[in-house]
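Participant: with the input below, show me the fold.
(one chain, ligands or ions: 1)
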Amino acid sequence: MMLKIKCPKCNTEGSLSLVESSYHGLYRCWKCRAPFTIKIENNELKSCEPLSQEEFDRQQEIEAMKAKFKQLN
Ligand SMILES: [Zn+2]
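Facilitator: The predicted model follows:
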């Protein structure tokens with residue numbers, strides 16, 4: 001399913017494809033490139049917190065590591 005997410009920084013609407021009805025992770029505005037952590041519950045956006053570029057990179061690394069870990073199992 002596709003969820004519309006409005007960037008709090010530039011008000012541009014972007015969309016995110018969801019596999020499940022809940023999601024907690026990274027989102028980056030396609031227009032202003034601002035990174036956020038978003039939380040979705042029951043296909044509804046519950047929170048959208050701005051992230052620094054540094055933090056975004058760190059989170060991305062963690063997610064990549066998690067993905068690797070999943071593959072090993
Ligand atoms: Zn934006």
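
Participant: helices along the protein, start to end?
Facilitator: 53-72 (DSSP state H).

Participant: mind listing what's buried in stretch 25-43?
Facilitator: Counting neighbours by 16 or more other CB atoms under 10 Å, one finds that the buried residues in stretch 25-43 are 26-27, 29, 34-38, 40. All C-beta atoms are positioned from the backbone trio N, CA, C, and that covers glycine.

Participant: how about the residues of the protein near the ion?
Facilitator: With the criterion set to CB under 5 Å from the ion, the chain comes near the ion through 7, 9-10, 12, 29, 31-32, 34.

Participant: apply 8 Å and report the result again.
Facilitator: When proximity is defined by CB under 8 Å from the ion, the chain lies next to the ion at 7-12, 14, 29-34.

Participant: could you measure from the closest residue to R28 other than its chain neighbours over to E20?
Facilitator: The spatial neighbour of R28 that comes closest, neighbours along the chain excluded (CB to CB, 6 or more residues apart in numbering), is P35 at 5.0 Å. P35 sits 22 Å away from E20, going by CB to CB, to the nearest Å.

Participant: kindly report the same for C10.
Facilitator: C10 is 28 Å from E20, where distance means CB to CB.

Participant: between these two, who's got more neighbours?
Facilitator: Set side by side, C10 and E20 show more neighbours around C10, with 11 against 8, by other CB atoms under 10 Å.

Participant: next, the more buried one: phi, psi?
Facilitator: Comment: the main-chain dihedrals of C10 come out as phi -120, psi 0, following degrees, to the nearest 10.

Participant: so what pLDDT did the nearest residue to it once chain neighbours are set aside get?
Facilitator: Using CB to CB, 6+ apart and skipping residues adjacent in sequence, the residue nearest C10 is C32, 4.4 Å away. On pLDDT, C32 comes in at 96.

Participant: ok, K46 next?
Facilitator: Per-residue confidence for K46 comes out at a pLDDT of 95.

Participant: separation between N43 and the ion?
Facilitator: Using CB to the ion, to the nearest Å, one gets 21 Å for the distance from N43 to the ion.

Participant: what sits against that residue?
Facilitator: Counting by CB atoms under 8 Å, 6 or more residues apart in numbering, N43 touches 1, 3, 18, 21.
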